[in-house]
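>>> sequence and predicted structure are below.
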Amino acid sequence: MRTWLPILVRLALLALLVAFVTRPDWFEPLLKPLTENNAPAIYNQGSLLSLTLQHLKIVLLATLAATVVAVGMAILVTRPIGVEFLPLSRSLVNIGQTFPPVAVLALAVPAVGFGEKPTLIALFLYGLLPIFENALTGLTTLPSNVVEAARGAGMTNWQRLTKVELPLSVPIILGGIRLSVVISLATATIGSTVAAKTLGEVIIAGLLSNNLAFILQGGLIVAALAVLIYDGLSAVERMAARRMGREAE
């Protein structure tokens, strides 16, 4: 029973989240006490389901782009031809952590305009570091006996990379992706300050109208998404680690 309890709790959270974004009117009695002057308890300036899907889309696109670039850079600097680029690569991936996302948005808007594009740029830069560092760790801490066995079997550099090094590094790389996604889920809310369609729109509307119900529902949806996605990616990471461990043996 104890083993199944966390799973049941997560399934209940998922069901509650789906119910809330599809039928928010069911929850109006719970949120109504948080409003003043007969203000609406449920966000009424757009669809919560649509905003949630748009929020997830932005995070997914930014994470995919960050993964491709960060893993590609990690592969480059772990090859003999690219070792000297490691300091430069670390400087590049640290840009997103050096500049706050708000500053990136402010710089990106004049170049690409309002909407999703500046938000994607900010999330992309912010998500590079954890994926790059984890990919670098995964590729530089491989079991030496496995690598030597692959080299002894006559594998080419490309074959060793695609059939041995990357597969064995997958669990560690997934850990970086998991961290990047969770950071992006929270950070994406500020995208609404530059007209991107995210759940930040609900929170900002609540702040502007002093409506605690709006603020709470926007924040809770983001929090629920973060918990569910974090747990889901953690499960995938554990499965990949077990699978790679058996293969490595």
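Received, thanks. Residues are numbered from 1 along each chain as shown.

>>> ok, the residue most central in space within the chain to L60 distance?
Among the residues of the chain, the one closest to the centroid is V181, at 0.9 Å (C-alpha atoms, centre = their mean). Distance of V181 to L60, computed by C-beta to C-beta, to the nearest Å: 8 Å. Just so you know, the C-beta spots here come from the backbone N, C-alpha and C atoms, and that holds for glycine as well.

>>> this protein: helices as residue ranges?
Here the chain has its helices, by DSSP state H, at 4-22, 28-31, 48-77, 86-93, 95-98, 101-112, 116-140, 144-152, 157-160, 166-187, 200-209, 212-248.

>>> quick one: which of those helices is nearest N37?
Closest approach to N37 among the helices of the chain is made by helix 200-209 (9.8 Å; C-beta to C-beta).

>>> flag every buried residue along the closest one.
Using 16 or more other C-beta atoms under 10 Å as the test for burial, helix 200-209 gives G200, E201, V202, I203, I204, A205, G206, S209.

>>> using CSV, write down the CA coordinates of it.
Output in CSV follows, covering the C-alpha atoms of helix 200-209 (Å, rounded to 0.1, in the frame of the first residue of the first chain):
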residue,chain,number,x,y,z
GLY,A,200,1.4,34.2,-16.1
GLU,A,201,-1.5,36.1,-17.8
VAL,A,202,-3.8,34.8,-15.0
ILE,A,203,-1.4,35.8,-12.2
ILE,A,204,-0.8,39.2,-13.7
ALA,A,205,-4.6,39.8,-14.1
GLY,A,206,-5.0,38.9,-10.4
LEU,A,207,-2.2,41.3,-9.3
LEU,A,208,-3.6,44.2,-11.4
SER,A,209,-7.2,43.7,-10.0
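
>>> that's all I had, so thanks and see you.
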